[in-house]
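Chemist: I would like the atomic coordinates for the input below:
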Amino acid sequence: MTAPALPDLGPEGSLKTLRTAAGSHALAHTFLDNLFFVQGRSRDRATFNDLYMALAHTVRDRLVERWIQTVLNYRAQDVRVVCYLSAEFLTGPHLANNLINLGIYEETEEAMRKLGLDLETLIEQEAEPGLGNGGLGRLAACFMDSLATLDIPAIGYGIRYEYGIFDQEIRDGWQVENTDKWLRLGNPWALERPEDAFEVKFGGHTERYSDGKGGFKVRWNPAKLVRGIPNDTPILGYRTNTANTLRLWSAQAVESFNIESFNTGDFFAAVRDKVDSENISKILYPNDEQIQGKQLRLEQQFFFVSCSLQHIVKIQQTAQRPLADLHRAFSIQMNDTHPAIAVAELMRLLIDENSMNWDTAWRVTTQTLSYTNHTLMPEALEKWPVSLFGSLLPRHLEIIKEINRRHLDNVRSRYPGDEDRVRRLSIIDDSGERYVRMAHLATLGSHAVNGVAALHSELLKSSVLRDFYELTPEKFSNKTNGVTPRRWMVLSNPRMAHLITARLGPSWIHDLEKLRKLEPLVDDADFTHEWRAIKHHNKQRLAAYIFQSLGIAVEPDSMFDVLVKRIHEYKRQHLKVLHILTLYKRIQQNPDIVMQPRTFIFGGKAAPGYHMAKLIIKLIHSVAEVIHGDPMVRDRLRIVFLPNFNVTLGQRVYSAADLSEQISLAGLEASGTGNMKFAMNGALTVGTLDGANIEIREEVGADNFFLFGLTTPQVEQKKAAGYNPRSLYESNNHLREIVDSLSAGEFSHGDRRLFAPLVQSLLNGDPYMLFADYQSYIDCQDEIDQVFKDADRWTRMSILNVARIGKFSSDRAIRDYCADIWKTWPVKIEI
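Modeler: Numbering: from 1, shown residues only. The predicted structure is shown next:
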């Protein structure tokens, strides 16, 4: 598609001035320069992608000086650098966020207007890097934003997946996965650094040899070598000169073409190494139900960890600092269990590659590494079959066994005769098929272990990692998650941000606790009127998007009741469906019933191999089909499922929501960050006492939060007493009616088998206790209906949610990590 011709702007100024100046004239000139010299396009032949790329390079030009100066300053000063290891970085699109952080959004808008272009149209051209599944990767991205904003020296390390998380399409109500080709049109934000590549070993065997000094060393003779190529992206802080580096590794073959095989006619063998090697960074998280998927996932984790640690060691050695002081220069944070192999790999690098003795290497490793746990679900705590682990990483298995031997000797000395405790604390699980427990390895090899919400951290200490807590209680702490207000308020909700700034000034954007000054404004009629108008505007925009993309008309005056997150039984999207069916049955029984009109908005992806989650998506669409086709309902109930929910779509949804659904069973959600994004944008929360919901309720006030459901102790008590969901089904007429309607095929064109797996799961076990929380949830929703009818009261509660949400800024979280775990401090970058 060819874009419109662009006007001539006249003579240019000096190159450096144009490349770094923030004025609209300089921006326009640099844009035209990049269009011609970088994109190689004349004005009249430029496509919209060419225009986007030219603008992205124009903005990147203004990052580069800050980026280079940041790196130089870190090298010149004695600073402790945070290294954040994460298998996911869900950054979202870069262009608009960088314009916000540079403070040149309006100037760029004017520059594009001079050229006859619309900035928003160009922003929408950017493909979103789908390098994460959801909350984990988005948290990592928020942390990188806050690290730079707070001027904390940091490097993020991960994988540059060629294909991100799948693009979700809905066909006949079912999820269909399509390849996410986010790099198809190029990525202007990252610079490939092939000269900084590292080689990573896999497979083979180890051998012992004399070091010539009376000692013995171990040599790893690998079966395969893979080269890791770094791709560096600058992550700029808000209105600061600090631009930290996000380094993502892509895999290449050491020898990508075998000329000998080619000459003998074996063309596949000629490129086999290239294909095998590049598969490692080909796609985000393979389906690991089969052994090949498990192996590839372990290869991915070791690949990026090894590259990252080799880079860190190289920095230390280049600076001519002793490796024994590595912990003084770097603090390495493992974001969940995916990077846990770092414990064994750092030991290998220190002992085998740099001749450090075991005790010193273990001291350095444990003082350098720290571990964040993100889950309470045992099945989500990664463990690898010993046979697979040993075939892929033979040297690391040896190191882990030695770590484990010394560790268990210590356990036996502390708890003599307690062999059950020894078995529970062992890194190697010897019950049945033998496994390497990665959470055990991460906990043992770190000086600090933290959960991500107060309840989660307490449950870690009392359940999942209880034995480790009793062994080393000083390691454990809580660091409640947070999200960046730059993307989730300033960028996502500009009208609300402008209204707040007009009353408070701009300093709240990097000190969210200052939002407390909004509290007196709940009694300001002009302010509350404008607050409501902004929410309505946001809802109109989302309604227009829904109609344009799905053809579904929704009423902005209805309550936007939103549940967007990864589709999983424990997140209980099907409980929301039970509520919708309850309302539908009320209408069927009394067509003239007075009911608050609601638009139910769902979004989220199900793991490709998770049939029950996919069935929940089908259920949502099937219920929507019946309800939308029933003239009795009129416009009182509308159901929308937004396909391919991602960061970009989240920016539309969070700002438009009235009600935020955070309805997981108490004791299962580690923290949640969507709950924070909704509250930051003035949505009220309906939720259980789970994850960060508890702390949100404490902060915003119980009167401004809709609470329902069992508490964690009550859940445990019911399970211990023998939870019987069928008895609840039989004793609750409303629940029985809607469950029977699903069984009878009322929402599946008479097909009684379609939803039978879901119904039987609920009746015969209900592992996430929907039936136990059903009536409490329905009663709470009825209360919500009454409150929403009182616009003044709802607006007051909305404002107070925003005013009291300051704790949940990722800036606060990063300050906590810096003070308690990383022991580092800000370094101002001067240009």
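Chemist: which SSE is the residue of the chain most remote from its centre in?
Modeler: Seen from the C-alpha centroid of the chain, the residue lying at the greatest distance (CA atoms, centre = their mean) is G214, 50.0 Å away. G214 is located outside every helix and strand, with elements delineated by DSSP states H and E.
Chemist: Okay, now the unreliable bits of the chain?
Modeler: The chain contains residues with pLDDT under 70 at 1-17, 256-272, 286-291, 379.
Chemist: Swap in 50 and give it another go.
Modeler: 9-13, 257 (pLDDT under 50).
Chemist: so where's the longest strand in it?
Modeler: strand 224-236 (DSSP state E).
Chemist: quick one, strands of the stretch 301-450 of the chain?
Modeler: Secondary structure of the stretch 301-450 of the chain, counting by DSSP state E, counting those that start in this stretch: strands at 330-335, 369-372, 383-385, 428-429, 435-437, 449-451.
Chemist: quick one on the thing from earlier: what about the residue farthest from the centre of the chain, distance to S431?
Modeler: 41 Å (CB to CB, to the nearest Å). Backbone N, C-alpha and C define where each C-beta goes, glycine included.
Chemist: how would you label the residue lying closest to N133 once chain neighbours are set aside: helix, strand or coil?
Modeler: With CB to CB, 6 or more residues apart in numbering as the criterion, N133 has its nearest non-adjacent residue at 5.8 Å, and that residue is I165. Secondary structure, DSSP: H, G, I helix; E, B strand; the rest coil: I165 is coil.
Chemist: now do the one 10 residues further on
Modeler: The local conformation at Q175, judged by three-state DSSP, is strand.
Chemist: Could you count how many residues lie near it?
Modeler: For Q175, the neighbour count with other CB atoms under 10 Å is 26.
Chemist: Am I right that it is in contact with L615?
Modeler: No: applying CB atoms under 8 Å, one finds Q175 not in contact with L615, separated by 9.8 Å.
Chemist: show me what contacts F302?
Modeler: F302 makes contacts with V200, F202, I341, E345, L392, L393, H396, as judged by CB atoms under 8 Å, 6 or more residues apart in numbering.
Chemist: can you redo the strands of the stretch 301-450 of the chain as TSV with mean neighbour count and distance to V64?
Modeler: As requested, the strands of the stretch 301-450 of the chain are exported to TSV (neighbours: other CB atoms under 10 Å; distance: least, CB to CB, whole Å):
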stretch	mean neighbour count	distance to V64
strand 330-335	25	25
strand 369-372	26	31
strand 383-385	20	41
strand 428-429	18	48
strand 435-437	23	43
strand 449-451	25	35
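Chemist: between those strands, which one is nearest to W362?
Modeler: strand 369-372 (10.9 Å; CB to CB).
Chemist: what helices or strands is the closest one leaning on?
Modeler: Helices and strands touching strand 369-372, by 3 or more CB pairs under 8 Å, 6 or more residues apart in numbering; DSSP states H and E, are strand 330-335, helix 342-348, helix 438-444, strand 449-451.
Chemist: Dump the ones you listed to JSON lines, plus distance to D409.
Modeler: Output for these, formatted as JSON lines (distance: least, CB to CB, whole Å):
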{"stretch": "strand 330-335", "distance to D409": "25"}
{"stretch": "helix 342-348", "distance to D409": "17"}
{"stretch": "helix 438-444", "distance to D409": "13"}
{"stretch": "strand 449-451", "distance to D409": "21"}
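Chemist: what's the distance between the residue lying closest to R434 once chain neighbours are set aside and L408?
Modeler: Among residues not flanking R434 along the chain, V386 sits closest, at 4.1 Å (CB to CB, 6+ apart). Taking CB to CB as the measure, V386 falls 16 Å from L408.
Chemist: With Y654 instead?
Modeler: From Y654 to L408 the distance is 48 Å (CB to CB).
Chemist: who's more crowded, those two?
Modeler: Neighbour count, other CB under 10 Å: between Y654 and L408, Y654 has more, with 27 against 18.
Chemist: residue contacts, the residue lying closest to A497 once chain neighbours are set aside?
Modeler: In space, and not counting its chain neighbours, A497 is closest to V490: 4.7 Å by CB to CB, 6+ apart. The contact partners of V490, by CB under 8 Å, 6+ apart, come to I100, A497, I509.
Chemist: Can you lay out these as JSON lines showing secondary structure, distance to A21 and neighbour count?
Modeler: Output for the contacts of V490, formatted as JSON lines (DSSP: H, G, I helix; E, B strand; the rest coil; distance: CB to CB, whole Å; neighbours: other CB atoms under 10 Å):
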{"residue": "I100", "secondary structure": "helix", "distance to A21": "18", "neighbour count": "20"}
{"residue": "A497", "secondary structure": "helix", "distance to A21": "25", "neighbour count": "21"}
{"residue": "I509", "secondary structure": "helix", "distance to A21": "23", "neighbour count": "23"}
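Chemist: okay if I get these as TSV plus distance to N49?
Modeler: Shown next, in TSV, are those (distance: CB to CB, whole Å):
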residue	distance to N49
I100	22
A497	29
I509	31
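Chemist: now, among those, which is nearest to A543?
Modeler: A497 (21.3 Å).
Chemist: That closest one contacts R486, doesn't it?
Modeler: No: look at A497 against R486 with CB under 8 Å: they stay out of range, at 9.6 Å.
Chemist: joint contacts of the two?
Modeler: By CB under 8 Å, 6+ apart, the residues touching both A497 and R486 are I509.
Chemist: hmm, back to that, using CSV, please lay out the contacts of F302 together with neighbour count and distance to L763.
Modeler: Below are the contacts of F302 laid out as CSV (neighbours: other CB atoms under 10 Å; distance: CB to CB, whole Å):
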residue, neighbour count, distance to L763
V200, 25, 49
F202, 23, 47
I341, 31, 42
E345, 23, 47
L392, 21, 43
L393, 28, 44
H396, 23, 46
